[in-house]
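K.L.:
sequence-free structure coming up:
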Ligand SMILES: Cc1cc2nc3c(=O)[nH]c(=O)nc-3n(C[C@H](O)[C@H](O)[C@H](O)COP(=O)(O)O)c2cc1C
């Protein structure tokens with residue numbers, strides 16, 4: 001549908017369509033998103049993650065991670081995170097301010113069972129991520145479900161920016177205003 005970026009509700013719908021597509025389509029723009037947290041030594045930390053789930057009705061996104069990664073410690077200290085998407089084809093930037101809950105153990109066993117065996121090796125009995133090592137090829141990891149975490153990102157604020165040829169459209173939506181949008185200067 002043309003000019004979806006000129007209407008606040010259609011732009012909001014497009015944001016969620018983009019996120020849902022990222023979960024289901026490997027080459028979609030929102031498959032890999034930047035995930036930023038407050039660092040523990042000051043400043044921000046950012047890294048790429050895979051979007052594993054998107055629930056537009058609940059306004060929630062889901063990401064898998066290692067319980068021993070720095071981002072988990074950062075989120076335990078401050079649960080706020082920002083997720084950033086750039087859809088180059090749609091000329092659309094999406095910024096999502098979220099509050100992140102971390103689930104581990106029995107309650108994430110169904111997600112763990114759905115992960116193919118080779119992919120489970122990123123959750124293992126090795127050192128925590130970021131430790132020094134002599135030989136990357138020598139690392140052997142036995143999958144360990146206790147290292148697996150699901151991050152549930154409850155979206156609080158959405159900032160959507162569409163870059164047009166002549167006019168840029170930027171809108172903000174917040175959970176506290178029931179996702180009613182407003183235009184802001186780009
Ligand atoms: C394309 C791509 C996808 C990634 N997906 C994930 C992911 O879904 N979850 C994750 O924890 N790390 C993922 N990573 C690794 C992170 O970017 C990061 O290096 C790692 O999680 C350690 O980050 P931290 O020390 O800041 O916690 C991915 C990296 C790349 C390049």
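P.N.:
Great, that's in hand. All of these numbers come straight from a predicted model, not from anything done at the bench.

K.L.:
now do the helix of greatest length in the chain: which elements does it pack against?
P.N.:
Determined from DSSP state H, the single longest helix within the chain is helix 8-24. Using 3 or more Cβ pairs under 8 Å, 6 or more residues apart in numbering; DSSP states H and E, the elements in contact with helix 8-24 are strand 53-55, strand 80-87, strand 92-104, strand 148-162, strand 169-174. For the C-beta atoms, the positions are set from N, CA and C on the backbone; glycine is no exception.

K.L.:
strand partners (parallel or antiparallel) of the helix or strand following that helix?
P.N.:
Using DSSP states H and E, the helix or strand that follows helix 8-24 in sequence is strand 32-38. Sheet pairing of strand 32-38 (DSSP bridges) gives strand 44-50 (antiparallel), strand 80-87 (antiparallel).

K.L.:
list of residues touching strand 32-38?
P.N.:
22, 44-51, 63, 71, 74-75, 77-78, 80-85 (Cβ atoms under 8 Å, 6 or more residues apart in numbering).

K.L.:
flag every buried residue along the one helix or strand in the chain whose mean pLDDT sits lowest.
P.N.:
Lowest mean confidence among the helices and strands of the chain (mean pLDDT, DSSP states H and E): helix 117-120, at a mean of 89. Across helix 117-120, burial judged by 16 or more other Cβ atoms under 10 Å covers residue 120.

K.L.:
packing partners of that helix?
P.N.:
So helix 117-120, by 3+ Cβ pairs under 8 Å, 6+ apart, packs with no helix or strand.

K.L.:
so what's the residue lying farthest from the centre of the chain up against?
P.N.:
Residue farthest from the centre of the chain, counting by Cα atoms, centre = their mean, is residue 134 at 31.5 Å. Residues in contact with residue 134 (Cβ under 8 Å, 6+ apart): none are found.

K.L.:
got phi/psi on it?
P.N.:
phi -80, psi -40 (degrees, to the nearest 10).

K.L.:
also within reach of the ligand: list those from the contacts of strand 32-38.
P.N.:
Intersecting the contacts of strand 32-38 with the contacts of the ligand gives 45, 47, 48, 49, 50, 63, 71 (criterion: Cβ under 6 Å from any ligand atom).

K.L.:
list the beta-bridge partners for the third one.
P.N.:
Using DSSP bridges, the bridge partners assigned to residue 48 are residue 34.
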